[in-house]
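Novice: what follows is a protein structure lacking sequence information:
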């Protein structure tokens, strides 16, 4: 496949490495190359099969609109834009492109969601719950997209209308750590996912782009990762 990777940060650079290792042809566009979405003009994407975005919340919507308008499939690992989710879904469906987004592209995190979904039953049995998330100081959105997705998963599984409180920390170079604490008068349950590197995110994003080849429609990574 011919891929454009948006973002020269640590995750974007690792996505490019993983894609090259999987024998894809890669073009990287950082903020300078993609000023005003210059790297996403339709004539620049003629031979491109998919675009993978790991940029920043303030620029991701413009990137999505440019790619979808150009008729190109897209994988978006950037978070912090989900208030526009319904509008982007409509745009993707109108244009007939393929699109995958995800709060987290790590298979391990998506397994963690399944564990948390099961544990959410405790909230129906006099347990209270909290979510804690820690990321590096450079992460601009808080709470993290993963923490928000985790809260939604547990709310839906428990049937409770009340949202779990999320506490966010930004410190050092923490890759990503998410904890769920469920507490009753009798005991306390801890669930934790601690990312040791960004490799899980990068590999998941590349495999998502591979899965999307030849497909159309709007997809959430948490719904398709088992098919990879």
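Specialist: It's in. A quick note: this is a predicted structure, and the numbers were derived from the prediction, not measured. Numbers count the residues shown, from 1 in each chain.
Novice: count the residues that sit near residue 80.
Specialist: Residues lying near residue 80 (other Cβ atoms under 10 Å) number 17. Quick note: C-beta positions are derived from backbone N, CA and C, even for glycine.
Novice: assign it to helix, strand or coil.
Specialist: coil (DSSP: H, G, I helix; E, B strand; the rest coil).
Novice: any idea which helix or strand comes after the host helix or strand of residue 110?
Specialist: If you go by DSSP states H and E, residue 110 is part of helix 107-119. Per DSSP H and E, helix 107-119 leads on to strand 128-135 as the next helix or strand towards the C-terminus.
Novice: summarise which helices and strands that next one is packed against.
Specialist: helix 145-158, strand 165-170, strand 177-183 (3 or more Cβ pairs under 8 Å, 6 or more residues apart in numbering; DSSP states H and E).
Novice: who does the shortest one touch, helix- and strand-wise?
Specialist: If I follow you right, that is strand 165-170. Strand 165-170 is packed against strand 128-135, helix 145-158, with contacts defined by 3+ Cβ pairs under 8 Å, 6+ apart.
Novice: can you tell me how far residue 24 sits from residue 188?
Specialist: 45 Å (Cβ to Cβ, to the nearest Å).
Novice: for these two, indicate the residue with more neighbours.
Specialist: Taking neighbours as other Cβ under 10 Å, residue 24 and residue 188 compare with residue 24 leading, 18 against 9.
Novice: residues touching that one, list them.
Specialist: Taking Cβ atoms under 8 Å, 6 or more residues apart in numbering, we find residue 24 in contact with 1-3, 206.
Novice: hang on, the earlier thing: redo the helices and strands packed on strand 128-135 as CSV? Include mean pLDDT.
Specialist: Below are the helices and strands packed on strand 128-135 laid out as CSV (pLDDT from 0 to 100):
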stretch, mean pLDDT
helix 145-158, 95
strand 165-170, 98
strand 177-183, 98
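Novice: and of those, who's closest to residue 66?
Specialist: helix 145-158 (21.4 Å; Cβ to Cβ).
Novice: that closest one: how far from the chain's middle?
Specialist: 14 Å (Cα atoms, centre = their mean, to the nearest Å).
Novice: residues in contact with it: which ones?
Specialist: Counting by Cβ under 8 Å, 6+ apart, residues outside helix 145-158 touching it are 79-80, 82, 103-104, 109, 112-113, 116-121, 123-124, 129, 131, 133, 161-164, 166, 168, 176, 178, 180, 222.
Novice: the same query, at a cut-off of 7 Å, please.
Specialist: 79-80, 103-104, 109, 113, 116-117, 120-121, 123-124, 129, 131, 133, 163-164, 166, 176, 178, 180 (Cβ atoms under 7 Å, 6 or more residues apart in numbering).
Novice: what is the burial count for residue 216?
Specialist: Count around residue 216 with other Cβ under 10 Å applied: 14.
Novice: how about the backbone phi and psi for residue 26?
Specialist: Dihedral pair for residue 26: phi -120, psi 140, per degrees, to the nearest 10.
Novice: that one: how many residues sit nearby?
Specialist: Around residue 26 there are 18 other residues, counting by other Cβ under 10 Å.
Novice: cool, and the one 10 residues further on?
Specialist: Applying other Cβ under 10 Å, we find 9 other residues in the vicinity of residue 36.
Novice: if I look at the residue nearest to residue 126 when sequence neighbours are not counted, how far off is residue 176?
Specialist: Once flanking residues are discounted, residue 126 sits nearest to residue 184: 5.6 Å by Cβ to Cβ, 6 or more residues apart in numbering. Noted for residue 184: a distance of 28 Å to residue 176, by Cβ to Cβ.
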